[in-house]
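Q: Fold the following, please.
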Amino acid sequence: MLCRSFLKGRDWYDFSWYVVMGVVPNLTHLEAALMQFGPWAARTGLDLDTAWLERELGHQVISIDGGEAQTDVRRFLPPVELRSLSL
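A: Reported below is the predicted structural model:
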């Protein structure tokens, strides 16, 4: 989600699963991955911590087009969960 220049519904579907399941990100691993790809590639001194991650994810949440996200993620939802797209 942080490295793509386009919206991918599956990223958001996976992200929501991680949040619901209470998964805590491995910040060391995430920082290493971010520095290999995307807008943070080859940067030094990223200083990734929980506050940084929350801020960057917040920017992503604010910038998404809800209609585009619904269209993209629809194919991953079982029929019983399709109603959740209207929330």
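Q: which element is residue 71 on?
A: Element membership of residue 71 [criterion: DSSP states H and E] is helix 66-73.
Q: Quick one: residues contacting the residue nearest the centre of the chain.
A: Relative to the mean C-alpha position of the chain, the nearest C-alpha, by Cα atoms, centre = their mean, is the one of residue 1, at 3.6 Å. Remark: with contacts taken as Cβ atoms under 8 Å, 6 or more residues apart in numbering, residue 1 is in contact with 8, 11, 12, 15, 57, 60. All C-beta spots, glycine's among them, are computed from the backbone N, C-alpha and C.
Q: The host helix or strand of the third one packs against which elements?
A: For residue 12, the host element (DSSP H and E) is helix 9-21. Using 3 or more Cβ pairs under 8 Å, 6 or more residues apart in numbering; DSSP states H and E as the contact criterion, the elements in contact with helix 9-21 are helix 66-73.
Q: what comes into contact with the helix it packs on?
A: Under the contact criterion Cβ under 8 Å, 6+ apart, helix 66-73 has outside partners 7, 8, 9, 10, 12, 13, 85.
Q: List just the nearest of the residues you listed to residue 34.
A: residue 8 (16.4 Å; Cβ to Cβ).
Q: From residue 44, how far off is that closest one?
A: Using Cβ to Cβ, to the nearest Å, residue 8 is found at 28 Å from residue 44.
Q: Between those two, point out the one with more neighbours.
A: When neighbours are counted by other Cβ atoms under 10 Å, residue 8 and residue 44 differ, and residue 8 comes out ahead with 13 against 6.
Q: picking that back up, quick check: which of the contacts of residue 1 has the minimum pLDDT.
A: Among the contacts of residue 1, residue 12 carries the weakest pLDDT, at 80.
Q: Count the residues that sit near residue 30.
A: Residues near residue 30, counting by other Cβ under 10 Å, number 14.
Q: quick revisit: drop anything exposed from the contacts of residue 1.
A: Among those, those classed as buried by neighbour count (16 or more other Cβ atoms under 10 Å) are 11, 12.
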